[in-house]
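**Student:** Please work out how this folds:
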Amino acid sequence: MFQWRKFQFFNEQVVRDEDEPAAPHRGLEDVVRDVACASSGRGKLLVGGTGGIVRVVDRAFVIDVYQLYNKSITHIHQLKSADLLVTVGVDSDLGEAVLKIWSFVKLDRHGSPTELKSWPIRAPSSRASSALAAAPLQVTTLAVLENLSQIALGLADGRVLVVRGNDVSRDRSPKLVFLTPPAEVPAPVTGLGWRMFSGAPLLFVVTTSLVTAFYTGHGDHADTLDYQGVGLGNTVMTSDGSIVLGRPEACFFYEAEGRGPCFAFDVDGEKKMLFWFRTFLGVVYQVVRGSKTLDWLYIYDLKNQLVAYNAKFKSPVTHVLSEWGMLLVFTADGEVHQLLERDTQTKLDLLFKNHLYPRAIDLAQAQGMNAANLAEIYRRYGDHLYSKRDYTRAMAQYLHTIGSLEPSYVIRKYLDEQRIHNLTTYLQALHEKRLANEDHTTLLLNCYTKLKDESKLDEFVKQPAHEVAFDVPTAIKVCRQAGYSMHALFLARRFNEHDAFLKIQLEDLSTGNNDGYVQALEYIQTLSFDEAKANMIKYGKTLVERLPELTTQVLMALCTDYTPKAPAGGLSSRLDDDDDDGSPSRRRRRKKRGADGGESTEPLHDVMAGPSGDGLPPPSSGGAPVLDDRAALLGTADVAPGTRTGVSVSHRKSSAAPTIRRADAEDFVHIFVNSSYWLTVFLEYLVSERVSSSPTVYNTLLELYLTDDAKSDVLRDLTEAQIAAVREHKASQAMELLRNPNSQYSVEQALILCKMYDFRPGTLLLLEKLRLFEEIVQFYMEENNYEAILSVCRMHGEKSPNLWIKVLSYFATRADAGPHIISVLDAVDSSNLLPPLLVVQTLATSDVATLECVKDFIQGRLSAQNAMIDDDTATIKSLREETLRMRSEIEELQTSAKIFQLSKCSRCSSALDLPAVHFLCMHSLHQRCLLDSEDECPICAKDNRHVRQYKASLEAKAHDHDLFFGKLEAAPDGFAVVADYLGRGIFNKPVIVGDSRRMRDAGLSDAEMRAMLLQ
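**Tutor:** Residues are numbered from 1 along each chain as shown. This is a model prediction of the structure:
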């Protein structure tokens, strides 16, 4: 017996008259008081009354009356899919029932619906073959298929008459078939109902003693569903095709397969009528209270198991119809009661008020509410349970709010340590729905670690990659902080978090041994070029300190022809799926874990632990060089620069790929800050391979050669003799590096290094390369190497005379340099490098140089200068005489007449006759022998042209200053170059047209103007 909570989900209102609101609707009162049958559909109510009339009521309660039968109407059915009406009534006094189909689409001339078809309902005669030639039958029920392919009529004799056709309203001769339920004693048919089953129509037939299903689409096969029936009016079809029978003890549902669920309601009364509205089952009870009999109407929400409405009626209920989204209840006193379902929010508020949250949830789901509204209901339900301290059930509700409710609302409620299990459940659900952020991941992993639930932690980190819904860097960070380094390592390896992987290996798993460093180095070699380079720059210093040889080899490969390796077997990217395989190794690990009492990392240990050498030789101890290297340094064999014995590079290949990428060596120099030996090995390898042209590489290697590392770890155990041999070898390597023409070092930087480390051979070599002769002389002066000083001056003194001054000044201060002063003076005198006055001034303050040292030099230079003066005086005299002669000739040409005495033409050699042309060059020609374009003597024109060209070239060179200074610097006698350019007019004042015009206006002659312009 169901005792469901009662609610008023429907609002009840009596249809009132517009003119008298306190009274029932007058028109409807007449309709309701005279009801023989009723139906609804297509926006109207259809009520059959006495005398065969049908009243049609629309939404405004306007009533139309039609006479469809002459006597009476007993059954009526309005189709939902078409505006057709199926009725059963009586037209004659014989009482014979007639089945008719009416159309409200086509009206007759009186405005009444058109009769489409009609069939009298008769029993078949035993003497006639016609099914229609028989006595009248009493119809108890009517059921119509919506497509009008079949119409069923239940008869009082227990049979069912089925009218069949494709569309009986149009077929000319539909087939009439009688179906007889398999009952021993015929009983009246009290209910019919159609449904489609497996694509064919199925007819439920209910009698007072039997429930049968007829498969009218498959040979009218009959299945008995139950051997107990109901009375008339106690059957109804649901919206999903089930038929409901209202028996005194309960309401039973029947499907095509048999009887379904039943509901026994706690109502003390006889079921009078059943109806179905949307998803609600309605029952009208006749309840006896003393001497009074009242009708109670109950509406049940079967899904949510509650009473959606209940009310008693003072007058018996005759019919219940559903139309216009509401229920209409007809009572015998002529009233029509409207039952309008309340909106969903009002229903929910009623349920919330009674704390019926599960039913509120079911109701919201049935109404198709959106996820946000459902989540709000779940939240209220969760808050209700939380207030009752039912934390587990509350969390079950909060899980439904994920995606709509802010997670912090729930998390704050469960931060207490006693509720950590519930919090873990919520955080797991957040991650499963991919709605977790970094803080949620951190909190979930902290929950796992506090609960010591390593199995959950394993499951969390090894979930399939496509299902991962957490922030991997955050998970790695939390696992490390909680001490689960192997889990963090697994995540880093699986999701290519290279930086995190290396940090874990180097900081967490490398205490006490080098295994972590080896695995870190192996891991770097599996990365791409860019990633390997970046990680070596970041972690190279740490790796060099622990594994100098292996690290150096990896760096060599990065700078030459690096190729990523395949991951080693020990670096698998997934956990073991079988944690309890019972293997001895696993049992030993389990035993050891229990004995140590420490963190359990067994599920990940097999994955991360692997061979330490994969592709690389074992690390050398203590960071010292291998013995072969030390022997090479101490041996007497000639070792080429940039080579080391005993060092192999595992990445080298016989042939280079066409797209090789190489790292810059200078990016890695800083990681060898405490390992100068291995830096030397690294740089020598690169120099020998000629893969780097960076001056930094060569400069750094030179500095390493020059550095005295006798106190370093490499040479700490060597004897003094061995250390001296090492230094000598390094010096020779440095000199060979400096002499090598392929070396790309910076000469200036190398010179600074050689001076800083007092490497004198290298300093001298670099000074020669830079042609710093004064620095070279100074270098030899510091060594008091007189011969070397003179040698440098003899080689480069002509180009740099200041060398002799510097050397002369130096020898003037040396007490034992007397003979060398004479050598300097001889060299200066032979090449005329210095003026005598400068030599005398340089030696005048010397306490070493004597008059005897300079006597011969001064006498020789004075004699030479006197001879030069005599030659210059003679030359001047000759030039003056030539100048005077030329001036007199010019003056004569300007002031005296010129007599031409030639009798023959200078061009054709014939007798000269007029007209003739005479030139000042004393040539005379016929006028006819001259061309029109010739305005000068054609005999002297060629020589004059050469003179003009020569003069133009001299003027052009006179203004070429770069050429002038070049000659001045290269010439042994600079004064001669200056004199030559003075003669070419380099310092002449330019002729200005305005000046010459003003001079001519002043009455000056050409000679006077030329003299003034040349001043």
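**Student:** name the helices or strands packed onto the helix or strand hosting Asp439?
**Tutor:** Using DSSP states H and E, the element containing Asp439 is helix 438-451. Helix 438-451 sits against helix 407-413, helix 420-432, helix 454-461, helix 472-481, with contacts defined as 3 or more C-beta pairs under 8 Å, 6 or more residues apart in numbering; DSSP states H and E. Any C-beta I mention is one placed from the backbone N, CA and C, and that applies to glycine too.
**Student:** at 7 Å what do you get?
**Tutor:** For helix 438-451, the elements it packs on are helix 420-432, helix 454-461, helix 472-481, judged by 3 or more C-beta pairs under 7 Å, 6 or more residues apart in numbering; DSSP states H and E.
**Student:** Nearest to Arg662 among these would be which one?
**Tutor:** helix 472-481 (31.0 Å; C-beta to C-beta).
**Student:** just the angle between the closest one and helix 438-451, please?
**Tutor:** Going by axes from the mean of the first three to the mean of the last three C-alpha atoms, to 10 degrees, helix 472-481 is angled at 30 degrees with respect to helix 438-451.
**Student:** and helix 472-481, how far out from the chain's middle?
**Tutor:** 22 Å (C-alpha atoms, centre = their mean, to the nearest Å).
**Student:** tell me the angle of it relative to helix 420-432?
**Tutor:** Using the same axes, to 10 degrees: helix 472-481 against helix 420-432 is 150 degrees.
**Student:** in helix 472-481, what's buried?
**Tutor:** 472-480 (16 or more other C-beta atoms under 10 Å).
**Student:** list the helices and strands it packs on?
**Tutor:** Right, helix 472-481 is packed against helix 438-451, helix 485-494 by 3+ C-beta pairs under 7 Å, 6+ apart.
**Student:** Go through these and pick out the most buried.
**Tutor:** helix 485-494 (a mean of 25; mean count of other C-beta atoms under 10 Å).
**Student:** From the contact counts, what lies against that helix?
**Tutor:** Going by 3+ C-beta pairs under 7 Å, 6+ apart, helix 485-494 lies up against helix 454-461, helix 472-481, helix 498-503, helix 602-608.
**Student:** Doesn't Leu339 lie inside a strand?
**Tutor:** Yes: Leu339: assigned to a strand according to DSSP: H, G, I helix; E, B strand; the rest coil.
**Student:** Without its sequence neighbours, what residue ends up closest to it?
**Tutor:** Using C-beta to C-beta, 6 or more residues apart in numbering and skipping residues adjacent in sequence, the residue nearest Leu339 is Leu327, 4.0 Å away.
**Student:** pLDDT score assigned to that neighbour?
**Tutor:** With respect to pLDDT, Leu327 has a value of 96.
**Student:** Check which helix or strand it maps to.
**Tutor:** Going by DSSP H and E, Leu327 is in strand 326-331.
**Student:** Let me have the helices and strands packed on helix 485-494 in a markdown table, adding mean pLDDT and distance to Gly368 as columns.
**Tutor:** Formatted as a markdown table, these follow (pLDDT from 0 to 100; distance: least, C-beta to C-beta, whole Å):
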| stretch | mean pLDDT | distance to Gly368 |
| --- | --- | --- |
| helix 454-461 | 83 | 36 |
| helix 472-481 | 84 | 38 |
| helix 498-503 | 86 | 47 |
| helix 602-608 | 34 | 46 |
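**Student:** quick one on the thing from earlier: let's have the helices and strands packed on helix 438-451 in CSV, adding distance to Gln865.
**Tutor:** Below are these laid out as CSV (distance: least, C-beta to C-beta, whole Å):
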stretch, distance to Gln865
helix 420-432, 105
helix 454-461, 101
helix 472-481, 90
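**Student:** Please enumerate the strands of the stretch 151-300 of the chain.
**Tutor:** Per DSSP state E, counting those that start in this stretch, the stretch 151-300 of the chain carries strands over the ranges 160-164, 175-179, 189-197, 200-207, 211-215, 221-226, 235-237, 243-246, 251-255, 258-263, 270-277, 280-289, 292-301.
**Student:** on that earlier part again, run through the neighbouring helices and strands of the strand holding Leu327.
**Tutor:** strand 317-323, strand 336-341.
**Student:** contact partners of the longest one?
**Tutor:** If you take C-beta atoms under 7 Å, 6 or more residues apart in numbering as the criterion, strand 317-323 is touched by 35, 38, 40, 45, 273, 275, 277, 282, 284, 295, 297, 327-332.
**Student:** okay, the angle between that strand and strand 270-277?
**Tutor:** Using the same axes, to 10 degrees: strand 317-323 against strand 270-277 is 10 degrees.
**Student:** ok now the top helix by length along the chain, how far from the chain's centre?
**Tutor:** Of all segments of type helix in the chain, defined using DSSP state H, the longest is helix 851-895. Distance of helix 851-895 from its chain centroid, counting by C-alpha atoms, centre = their mean, is 91 Å.
**Student:** mind listing what's buried in the next helix or strand after that helix?
**Tutor:** For helix 851-895, the succeeding helix or strand toward the C-terminus, using DSSP H and E, is strand 916-918. Residues of strand 916-918 classed as buried by neighbour count (16+ other C-beta under 10 Å): 916, 918.
**Student:** Tell me which other helices or strands strand 916-918 touches.
**Tutor:** strand 924-926.
**Student:** Now do the same for Phe490: its pLDDT.
**Tutor:** pLDDT, read off for Phe490, is 87.
**Student:** I'd guessed it sits against Gln463; true?
**Tutor:** No: in this structure Phe490 lies outside contact range of Gln463 using C-beta atoms under 7 Å: 11.9 Å.
**Student:** and Thr344, what does it touch?
**Tutor:** Here Thr344 is in contact with 367, 369 (criterion: C-beta under 7 Å, 6+ apart).
**Student:** That one and Trp276, how far apart?
**Tutor:** Per C-beta to C-beta, to the nearest Å, Thr344 is found 20 Å from Trp276.
**Student:** So Leu374: helix, strand or coil?
**Tutor:** With three-state DSSP as the criterion, Leu374 reads helix.
**Student:** which of the buried residues of helix 472-481 lies closest to Arg771?
**Tutor:** Comparing the buried residues of helix 472-481 against Arg771 with C-beta to C-beta places Pro473 closest, at 59.4 Å.
**Student:** Give the closest residue to the closest one in space, chain neighbours not counted.
**Tutor:** Glu497 (6.3 Å).
**Student:** so how many other residues sit close to that neighbour?
**Tutor:** 19 (other C-beta atoms under 10 Å).
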